[in-house]
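>>> predicted structure and sequence below. I'll ask about it afterward.
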Amino acid sequence: MNSYDFITALVPIILIIIGLGIIKKPAYYVIPISLIATVAIVIFYKNLGIVNTSLAMLEGALMGIWPIATVIIAAIFTYKMSKDQKDIETIKNILSNVSSDRRIIVLLVAWGFGNFLEGVAGYGTAVAIPVSILIAMGFEPFFACLICLIMNTSSTAYGSVGIPITSLAQATNLDVNIVSSEIAFQLILPTLTIPFVLVILTGGGIKGLKGVFLLTLLSGMSMAISQVFISKTLGPELPAILGSILSMTITIVYAKFFENKETTEQQSKNTISLSKGIIACSPYILIVTFIVLVSPLFNKIHEYLKTFQSTISIYPEANPLHFKWIISPGFLIILATIISYSIRGVPMLKQLKIFTLTLKKMALSSFIIICIVAISRLMTHSGMIRDLANGISIITGKFGPLFSPLIGAIGTFLTGSDTVSNVLFGPLQTQMAENIGANPYWLAAANTTGATGGKMISPQNITIATTTAGLIGQEGKLLSKTIIYALCYILVTGLLVYLV
């Protein structure tokens, strides 16, 4: 690899960072421009050819639509149906009756429920659904996006029932339980720290920890301990799910029995009956039930429903795309929503009308997501992502472990996926470990650790947040906020990987 390859591979990233983070232009301007630049590079510099370039973009478009854009459309459809039927107000009152303290609500909805959604589904649900609930609870939309993006980090390593880690193990030929355990160890500090960041932001500074310090600590510990012990004994499938359930349980119990009422606002006087609460929450209950039932936790159901898929080979010599129709989170969310409201007597015509309005609202955001994934596929097939990773490893030399998380973060920044970052850069990390005599498990784990930090600045994830919140065009403003936390996250984990 020559220096020109590395510099050229940086161009799409630099354009996105400058456009979104510095000039603060909307994503619907910046991302297409970056895509055009990427197309020019792969055709004229990388000699990919017009046909292969077109196929890579087609592959990106299909991947962007299914399952990514589908999940966001589904989540927003559920939210709009809940809003139309006044269910969202009932949910708001239920949460207010748990606690009227905004800090506790953030720990329950964003940290607890968000991590649960990441563990069972992933694909943007952990951002889209909590953002919509927080906004319904009265949180300012931009702040709700910021909170959920910062939250959606450490648990993404174990997202979608552990797919990122199992994919890493397959790509690197490493033992999945060992690499899962190494990742859990590296993520202890970030997992303990993030709840404190969320509470400090919500409470307006360090003073925000007053009265909830213990709860904040327990929220982080419940996730960290689950990741360490469950990943080592059972593997990567359950840490995020069980840890988040424990975290939500602790938060509810604390709010009911140990909360210092002097630190909270006046409790809601709206008493919600059990039956009304269950009815209002039924779409979300059904969503979680469906997602868990079709997950690998119920292997026989999962394996049967997985057969309902289409396999399409698009790019020459690349892995084919697998469209899993029934077990896709987007399909399950839509199905659960339709069943829930149909049972309650909401006419299908009305549901169809709301779904159509959702599609219209999502058109521009779906286009942005398609462009982002197309950039990712172009850079992957042309070798530009490999050029980036190789350039970093050559420049850093013996200090490679310090920058290992950065490589993983770049992968997630470009692709929006921990899984893709692991598949792309996992083998590079193990090769680098062999070159410098380091532990291959430790550096492979570092890729995932860095990938979780890159999640909060991924244009794809940011677009999911802004679309859900109705803030299309403010992606640059949001990136300029999250990038500070992401850089600190990546720096700290890099030092941990290098020094330990």
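Looks like it arrived, so ask away. Numbering: from 1, shown residues only.

>>> return the list of helices and strands in contact with the helix or strand hosting Lys353.
Lys353 is part of helix 348-382 when elements are defined by DSSP states H and E. Counting contacts by 3 or more Cβ pairs under 8 Å, 6 or more residues apart in numbering; DSSP states H and E, helix 348-382 is packed against helix 3-16, helix 27-44, helix 50-63, helix 70-84, helix 329-343, helix 384-396, helix 400-415, helix 459-469. Quick note: C-beta positions are derived from backbone N, CA and C, even for glycine.

>>> buried residues in it, which are they?
For helix 348-382, burial by neighbour count (16 or more other Cβ atoms under 10 Å) applies to 351, 354-355, 358, 361-362, 364-382.

>>> now stretch 229-237
230-232, 235-237.

>>> closest to Lys210 among these?
Distance ranking of those against Lys210, using Cβ to Cβ, places Ile230 first at 32.3 Å.

>>> how much space is there between the closest one and Leu117?
18 Å (Cβ to Cβ, to the nearest Å).

>>> also Ile369?
19 Å.

>>> and if you look at Thr380?
Using Cβ to Cβ, one obtains 27 Å as the distance from Thr380 to Leu117.

>>> what's the answer for Ile129, then?
Distance from Ile129 to Leu117, counting by Cβ to Cβ: 6 Å.

>>> those two: which is more packed in?
Here Ile129 and Leu117 are set side by side on neighbour count (other Cβ atoms under 10 Å), and the busier one is Leu117, at 30 against 26.

>>> Phe323 belongs to a strand?
Yes - using DSSP: H, G, I helix; E, B strand; the rest coil, the assignment for Phe323 is a strand.

>>> identify the residue nearest it in space, chain neighbours excluded?
The shortest distance from Phe323 to any residue other than its chain neighbours is 4.6 Å, reached at Ser310 (Cβ to Cβ, 6 or more residues apart in numbering).

>>> what's the helix or strand for that neighbour?
Following DSSP H and E, one finds Ser310 within strand 309-312.

>>> which other helices and strands contact that strand?
Strand 309-312 packs on strand 321-324, going by 3+ Cβ pairs under 8 Å, 6+ apart.

>>> in the strand it packs on, what's buried?
For strand 321-324, a neighbour-count test (16+ other Cβ under 10 Å) marks 321, 323-324 as buried.

>>> alpha carbons of that strand, as CSV, please.
C-alpha atoms of strand 321-324 as CSV (Å, rounded to 0.1, in the frame of the first residue of the first chain):
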residue,chain,number,x,y,z
LEU,A,321,-27.2,-11.0,0.7
HIS,A,322,-29.6,-12.9,2.9
PHE,A,323,-33.1,-11.3,3.3
LYS,A,324,-34.6,-12.9,6.4
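
>>> and the lowest-mean-pLDDT helix or strand in the chain, what's buried?
None of the helices or strands of the chain scores lower by mean pLDDT, DSSP states H and E than helix 87-98, at a mean of 78. Buried residues in helix 87-98, counting neighbours by 16+ other Cβ under 10 Å, are found at 87-88, 90-98.

>>> what does stretch 462-476 give?
By neighbour count on 16+ other Cβ under 10 Å, the buried set for stretch 462-476 is 462-469, 471-472, 474-476.

>>> do the same with stretch 40-53
Applying 16+ other Cβ under 10 Å to stretch 40-53 flags 41-43, 46, 48, 52-53 as buried.

>>> distance of the nearest residue to Thr482 once chain neighbours are set aside from Tyr79?
Distances taken as Cβ to Cβ, 6+ apart put Met456 closest to Thr482, at 4.7 Å, once the chain neighbours are dropped. Note on Met456: its distance to Tyr79, by Cβ to Cβ, is 22 Å.
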